[in-house]
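>>> Whatever this is, show me its structure:
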Amino acid sequence: MSCLTKLSEMAAVSAFLQAGAPRPYPAHYMDTAMQTYKDVCKNMVLAERCALLSAEILKSQGKYSDAATLLIKMTSEDSDLRSALLLEQAAHCFINMRNPMVRKFAFHMILAGHRFSKAGQRRHALRSYCQAMQVYKDRGWSLAEDHINFTIGRQSFTLHKPKDAVTAFRQILTNGSRQTATQQGAFLREYLYVYKPLVSVSLLPHLPLPCINSSATRVYFGRERRLAEGEKQAATHVSLDQEYDQDLAAMWCQLEEQLVASANRGIVPVNFLPTQFCLNSKTDNLRNPLAVVEEPIIVEVMFRNPLKVSLALSKLSLLWRFTPYSPSEEKTTEELAGETITNEETLARLQLLPHRTGQLNIVGVVYYLAAASSGEIVLHKKRINYSGCFFNATLTQSVNFLTSTGQQKMDTMMVYGRQDLKIQGPRLNQTKEDKMSVQHGPDRRLNPIITPPMPLMEVFFLQFPTALLCGEIRKAYVEFCNVSGVALSGLRVSSTHPDFFTFGSQATTPLTPLSPTSAENCSAYKTLATPLQPDFVATEMLVSAEDFSQPSGVMEIPLNGNMLQPGESTQLPLWLRGPDQEGVHEINFLFYYESTEKGNKISHRVLRHTVFICASRSLSVQASACRSSASHHSLDNKGNCGTLVFIDVENINTSEAGVREFHIVQVSSSSQHWRLHKCINPGEDNGLLHMELKCEDVFFFLFQLTSGIELIFLLYSSTSKKFTLIISSFTPCGDFFFRCCQTSHQSNIASSKTSSSSKSQTSVPTEDRISDVANIIKKCNELDLNLIVIWKAYVVEDNKQLILEGQLHVALQTIGKECSSLTLKEEAQEMVLLKFKSELPPPVVLPSADLSQLIKTNLHYPETYTHPFVQDSLCVVPVTLTLSNCSLAQVDVIIDLRHKSTSPESLDVHSSFSWVGQTQYKLQLKPQEELCLTLRACFLKAGVYNLNTLRIFAKPIEQGTMCETSHQTASPALIIINNA
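Numbering: from 1, shown residues only. You can find the predicted model right below:
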């Protein structure tokens, strides 16, 4: 049998070696010989020789698939080394095929590596696994990759290749592994065991765990805000717990610009940059941030554990480089810490405290890494002072302690390493090269410049309310503390609601109350004792507007000497006024201060504070004005033009059960041209507004000032129903009035700009004449009067009665137009389709109803007239008609006496009378001119007659259309004719 087998083998080889043989290679001869050697002769050496020889013949003919099959048949469990060689050769057959079968190659290389490992051939096993890894890498076969990397790591460590072993284990831990928690724990322990010898020979090697999200790193400059101390409420300022908001950042930047402009005479410096307390991926990080000596720098690092097992971090510290204008060095500082992370994201906050000026570069984080059970951690604490910088690291998580046994166990599995913080800046998109390629700008949030000492201020609020009535005045206190070693000056404040608060001023705030009444009642207002005035005649006071003016809503805070020394604190009163609209209001304060030492890189510092105020309804004040028809000789000769003001006060507080009643204490006015004269008919209930009594009407008479007052002064006039008069020109009443006027004036300017820009697009030459007439009418009807209604409310809270004070403002700008203290909500306007026309027809100029306000008329006549009709059947009564031009332009007037009134009011009285003499007049009145005409009315019998039957037309000289005056709509002018 052996001879026959050898003959078959030699016949197959001879057929292969015969050149140009017509017969193909007889592979079945080799298969028969190999099978006989293996099964019958039991000679594996000859069988292997036959298989290798046949495989080489098949490969030379390109039959790699048959060769691989032949080699795989020869594998067995008898010899691991022989099987490993055959599997490796079979794998190479798969890779050398015309269509390479790479996955079969990798699979058989892994099988070969496994048999090499069993045979003790570790180098060949490592080589086989490394070749297989080239195929499986980055193909998404994570489980296969983990197995191969784990084997490579073990084999490399056995062959004394620690770096290769660490690299392989790193791949297991950093990739998205889908292994079970038990398997991941085994991988982690193997990695720590392999990694620990490498730490002793390498300086701070890089650790793969946990993962650090460098772009989410935040840097906070300054101390964290102090919590409230007793009744003191600390300013909210900025903290790392707050989320970044782009809109809020823009709002704070706008407030800071206002403060900087106020401190620099209305000009914002070219190099102005808004203050950034907390830097993140959304802030502007193109420039090096500025930090201050002896003020901490807090770095928040986000760690992420990709595994399902816990990671124990201890002795976290920052790796930083400090350059005090000398060659730089790199140093690590160790400190506190410990944190257990289990398949989650955790924030660690590390703190630096610089002692010298220079350049600081934060490079990365160093820490000890260990595998621990959930919650188990070791806490150490150490401080190192280096290059003038002191490091202090803390973590914002709870930490547990291990026993001594657990401590020893953890020490054996703990490694020390680093991770760098590499932050990529925003992508550049300015030039063409930037758009065509992917380029990123710098991000310097981790490279602060340490500057010389600066003042540091803390602000506390006392008795600060959280809820107010609309218009309520409340007195609180604010405390400013300088906690640094440098004096501060130039203290200012700006707010999104400048009409919400005031500090007053030294010119308008006396040191002591003017009367003991205000002190006894704890009133926020300054009062003055006055004698009893039964007719409620107004008290006048001339005030300079400059005492209250605050440019751009910025308020300077009065300090002694305009300076706050190191360690000093001062407490100032702060008056608050509830917003005019009900609801919850977010009010932001921004405090500004400077250092007394000039020349620093940081020119100023700011402090933020945000409060929420809930405003409830109180009163609603409706006011309107109309010209008085009374004779100017009957008003004590105190002016040449009178006006009636109607005030309607309504209690709209229906939801607050604790509010018992409201009192109208005083009404004050402020104007450059008008003053209150007297209260005509005050309410009979002493101005008391109960919950049942909804409203009260009050009428006042105004006088126009004859002598012109300079524009910088305002005349305050007040009427009070009490023996004490509130000085409405002092703080806080005057401050809030001016601030509310300033806010409304700015909104009016913005709305006027919008309307003018929209009208300018459709302007035609005809509108110029219309605008001139409109300006004349507008100036004629201008009133420019501001009313201040001061009230008191009695509130029951916690079985105690409280007295609340407040004030509401109404701005009367036009005669005949009703104004309210409540601001109306603007409704969204519907979009209108834009239509284009070739030619616009000339507009039809209609007489405006406002033209009736050009002329003011008064009829002066006796109320009763006695005439003997028996002796003389005609009764002629002289009537004086007074015409007053209320405008600043010349006016054409036509008087028609032929008109008979048909109004419903005049039908109840006799109308059978006639005007005798000239029945039509054409006059021309100069600006502000007053003219008297003598008319004669003829009556035929006794009775009550309405003289208000004449028609008066007026127009400016430039206009061609007349308009009838509005005196026809006034009350009837009744005269009683008696028979003697």
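>>> F150 versus Y193, what's the distance?
13 Å (CB to CB, to the nearest Å). Using the backbone N, CA and C atoms, a C-beta is placed for each residue, glycine as well.
>>> ditto for C481
From C481 to F150 the distance is 61 Å (CB to CB).
>>> Please say which of these two ends up with more neighbours.
F150 (21 against 17; other CB atoms under 10 Å).
>>> Hmm, F187 and the more buried one touching each other?
Yes: contact criterion CB atoms under 8 Å: F150 and F187 qualify, at 6.5 Å.
>>> okay, and the common contacts of those two?
F169, I172 (CB atoms under 8 Å, 6 or more residues apart in numbering).
>>> the domain parsing of this protein - what is it?
As assigned by automatic domain parsing, the chain contains the domains 2-191, 850-979.
>>> residue ranges with poor pLDDT in the stretch 501-650 of the chain?
504-522, 529-552, 628-642 (pLDDT under 70).
>>> where along it do the helices fall?
With DSSP state H, counting those that start in this stretch as the criterion, the stretch 501-650 of the chain has helices at 516-520.
>>> Which positions in stretch 461-468 come out as buried?
F461, F464, L468 (16 or more other CB atoms under 10 Å).
>>> returning to what we had before: just the domains of the chain: most buried one?
Comparing the domains of the chain by mean neighbour count (mean count of other CB atoms under 10 Å), domain 2-191 comes out on top with a mean of 18.
>>> what's the neighbour count on A234?
For A234, using other CB under 10 Å, the count is 16.
>>> Quick one, grab the pLDDT at it.
The score at A234 is 89. That number is its pLDDT.
>>> swap in Q807?
pLDDT, Q807: 91.
>>> before we move on, what SS does it have?
Secondary structure assignment for Q807 (DSSP: H, G, I helix; E, B strand; the rest coil): strand.
>>> That one reaches I790, doesn't it?
Yes: with contact defined as CB under 8 Å, Q807 counts as touching I790 (4.9 Å).
>>> And the two? Which one has more around it.
A direct count of neighbours by other CB under 10 Å for Q807 and I790 places Q807 higher, at 25 against 22.
>>> what's F277 in contact with, if anything?
Going by CB under 8 Å, 6+ apart, F277 touches Y220, F221, G222, H237, V238.
>>> run the last query once more with 10 Å
For F277, the contact set (CB atoms under 10 Å, 6 or more residues apart in numbering) comprises 219-222, 237-240, 242, 252, 283, 289, 606-608.
>>> give the contact list for P210.
Contacts for P210 (CB under 10 Å, 6+ apart) come out as 173, 302-307, 311, 313, 339, 341, 344-346, 367, 369, 419.
>>> Give me the mean pLDDT for stretch 952-966.
Rounded mean pLDDT across stretch 952-966 is 70.
>>> repeat for stretch 76-87
For stretch 76-87, the per-residue pLDDT averages 84.
>>> Poorly predicted segments of the stretch 101-250 of the chain, please.
In the stretch 101-250 of the chain, residues with pLDDT under 70: 175-176, 199-202, 228.
>>> the strands in it, which residues?
211-212, 218-221, 233-234 (DSSP state E, counting those that start in this stretch).
>>> Repeat that for the stretch 551-700 of the chain.
If DSSP E, counting those that start in this stretch is used as the criterion, the strands of the stretch 551-700 of the chain fall at 555-556, 563-564, 569-577, 583-595, 605-616, 619-627, 642-651, 659-671, 674-679, 688-690, 695-704.
>>> Which helix or strand contains the residue lying closest to Q813 once chain neighbours are set aside?
Nearest non-adjacent residue to Q813, counting by CB to CB, 6 or more residues apart in numbering: L783, 6.0 Å away. Secondary structure from DSSP states H and E places L783 in strand 782-797.
>>> What strands line up against that strand, and which way round?
Using DSSP bridges, strand 782-797 pairs in its sheet with strand 659-671 (antiparallel), strand 800-814 (antiparallel).
>>> can you redo the ones you listed as CSV with distance to A476?
Shown next, in CSV, are the strands paired with strand 782-797 (distance: least, CB to CB, whole Å):
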stretch, distance to A476
strand 659-671, 21
strand 800-814, 14
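>>> tell me which element the spatially closest residue to T283 that is not a sequence neighbour falls in.
Spatially, and ignoring its direct neighbours in sequence, T283 is nearest to Q276 (5.6 Å; CB to CB, 6+ apart). Using DSSP H and E, Q276 is not contained in any helix or strand.
>>> confidence score at Q276?
92.
>>> give me phi/psi at it?
phi -120, psi 110 (degrees, to the nearest 10).
>>> Kindly tell me how buried it is, as a neighbour count.
20.
>>> Isn't it up against D284?
Yes: using CB atoms under 10 Å, Q276 is in contact with D284, at 7.2 Å.
>>> Return every residue with contacts to both of these two.
In contact with both Q276 and D284: A249, R445, using CB under 10 Å, 6+ apart.
>>> for stretch 576-593, which positions count as buried?
Under 16+ other CB under 10 Å, the buried positions of stretch 576-593 are 576-580, 582, 585, 587-593.
>>> ok, so of these, who is nearest C93?
Relative to C93, the closest of the buried residues of stretch 576-593 is N588; by CB to CB it sits at 76.8 Å.
>>> quick one: contacts for the closest one?
236, 248, 251-252, 255, 494-497, 608-611.
>>> now swap in E229 and tell me
Under the criterion of CB under 10 Å, 6+ apart, the neighbours of E229 are F460.
>>> Which residues does it form beta bridges with?
K232.
>>> for the stretch 751-900 of the chain, what spans make up the helices?
766-781.
>>> pLDDT below threshold where in it?
Checking the stretch 751-900 of the chain against pLDDT under 70 turns up 751-778, 824-853, 899-900.
>>> coming back round to it: tell me which of the buried residues of stretch 576-593 is nearest to E77?
Distances from E77 to the buried residues of stretch 576-593, taken by CB to CB, are shortest for N588, at 80.6 Å.
>>> hey, what's that closest one bridged with?
T610.
>>> cool, the one 5 residues further on as well?
The partner list for Y593 in beta bridges (DSSP bridges) reads R605.
>>> Hmm, E458 and it touching each other?
No: counting by CB under 10 Å, Y593 sits too far from E458 to count as a contact (11.3 Å).
>>> Now for the two: what residues contact both?
Contacts common to Y593 and E458, judged by CB under 10 Å, 6+ apart, are F480, N482, L607.
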